[in-house]
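K.L.:
Have a look; sequence and predicted model below, questions after that.
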Amino acid sequence: MLIDILGKYKVKATFFVVGDWVDNYPESVKALHDAGHEVMNHSNTHAHMSQLSKDEIIADVEACNDKIEAVTGVRPTLIRPPYGEYDDNVITAIRSIGMEPIQWDVDSLDWKDLEAPEIIKRVTGKVQSGSIVLFHNAALHTPEALPTIIETLLQEGYTFVPISEIILPQPYTIDHTGRQLPADAQAS
């Protein structure tokens, strides 16, 4: 259903999938990829990565990467750590295998089964230029909320792009709001 809504508005998105979901729904993963969406890593087992060793993190992430690549032909370069948990160990482990950890700045809270009007208000009221919005593909009211969110944001002049098109390459810094800035921008 989400793929149809995004297709109607010609919106390309990034889907972070768990390895177990790839195992159970390979046709859905392939459909996302074939529709032009990015399919990236959300871990293999949805573990609390901050409780894992560097080697355990790498093994988990690579297992999911292998599954996604087997289905789509493309190896993920981004990961959204489960629960939004990260620390220096998680970031170091992920970057050691050439991947970039991703966070979000607008949480739709759709996973709490909020009603569609609440999801719409949360997202449209918090989005700003460069925002990364967190949705969940199995959330109850997301399909109902998404068309209004897309239409509202398009009317406000926003465009939608996959995450890989907005993240900056190294070197960069992150300011107090969580936004990336080119490293030389701090000197200005």
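P.N.:
Received, thanks. Residues are numbered from 1 along each chain as shown.
K.L.:
name the helices or strands packed onto the longest helix that the chain contains?
P.N.:
With DSSP state H setting the assignment, residue counts place helix 54-72 as the longest helix in the chain. With contacts defined as 3 or more Cβ pairs under 8 Å, 6 or more residues apart in numbering; DSSP states H and E, the secondary structure elements packing on helix 54-72 are helix 19-24, helix 26-34, strand 38-41, helix 88-96. All C-beta atoms are positioned from the backbone trio N, CA, C, and that covers glycine.
K.L.:
number of nearby residues for the residue lying closest to residue 113 once chain neighbours are set aside?
P.N.:
The shortest distance from residue 113 to any non-neighbouring residue, by Cβ to Cβ, 6 or more residues apart in numbering, is to residue 140 (4.8 Å). Under the neighbour criterion other Cβ atoms under 10 Å, residue 140 is assigned a count of 15.
K.L.:
do the one 5 residues further on as well
P.N.:
The number of residues packed near residue 145 is 25, by other Cβ under 10 Å.
K.L.:
Next: the one 5 residues further on.
P.N.:
By the measure other Cβ under 10 Å, the count of residues near residue 150 is 19.
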